[in-house]
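Chemist: This is a predicted model, with the sequence first.
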Amino acid sequence: MTDSGGKGPTAEALDSLLAFLDPDRRRAAEEHERIRRRLVNLFRWRGCADPESLADETMDRVGRRLGEGVEIHASDPYRYFTGVAHRVFHELLRREARDRRTLEGVRREPPREAPTAEQERRLACLDQCLEGLGDESKGLVLRFYQGEKGERIAGRKRLAADLGITTNALRIRAYRFRARLESCVRGCLSGGGSK
């Protein structure tokens, strides 16, 4: 069970969930695991790619509700969990359908126009200036700016670790390379060649 930030179990929610399952802590833990296994099998049977995460999400939701003080009256706790699992599954289906529609919309976008002569010239200057940095520096710059938001942040952390430096030192190094590249590209575009 995870808290709302996804950082680990909340003690209150877990205690409430275990107390709901059985007054004896050991039997409650066994029942928790038995229900979780059944939920994993349920999600697997429904063809879900990650049944374990969905089972955990279901357990988390029930635990949060109980931790908020909601009283659940069920002769068979598993039946209550399957009701929550049903909602989790349908939310997943809606998310997947929305993602499919988004992807289909992207595929239907008209192709982008060919780059203009000016854009081609800028790209040629950038390529020339990147080559002037040398393989190691060029690799650092390309890895530093690779990816989208969260992916880029994680990539930068890995890059800093690979280089044995802090992420702040990496940012400073990348800034210096970028400043050199910008200066080089400006010089190239003004007809002065690379610097």
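Modeler: Looks like it came in fine.
Chemist: CA atoms for contacts and neighbours, from now on please.
Modeler: OK.
Chemist: Might you report the residue contacts of residue 18?
Modeler: Each residue near residue 18 by CA atoms under 8 Å, 6 or more residues apart in numbering is listed here: 25, 28-29, 32.
Chemist: count of neighbours near residue 174?
Modeler: Counted with other CA atoms under 10 Å, residues neighbouring residue 174 total 19.
Chemist: quick revisit: quick one: buried ones out of the contacts of residue 18?
Modeler: Using 16 or more other CA atoms under 10 Å as the burial test, the contacts of residue 18 include 28-29, 32 as buried.
Chemist: Out of the contacts of residue 18, which comes closest to residue 92?
Modeler: When these are compared for distance to residue 92, the smallest value, 23.0 Å, is given by residue 32; criterion: CA to CA.
Chemist: right, and that closest one touches residue 21 too?
Modeler: Yes. Assessed by CA atoms under 8 Å, residue 32 is found in contact with residue 21 at 7.1 Å.
Chemist: Tell me which of the buried ones among the contacts of residue 18 fall in strands.
Modeler: Using DSSP state E, no member of the buried ones among the contacts of residue 18 falls in strands.
Chemist: now the helices for this structure?
Modeler: Taking DSSP state H as the test, the helices found in the chain are 11-21, 25-45, 51-67, 77-108, 117-133, 135-144, 149-163, 167-189.
Chemist: Now do the least confident helix or strand in the chain by mean pLDDT against helix 117-133, angle only.
Modeler: Counting by mean pLDDT, DSSP states H and E, the weakest-scoring helix or strand in the chain turns out to be helix 135-144, with a mean of 81. Counting by axes from the mean of the first three to the mean of the last three CA atoms, to 10 degrees, helix 135-144 lies at 130 degrees to helix 117-133.
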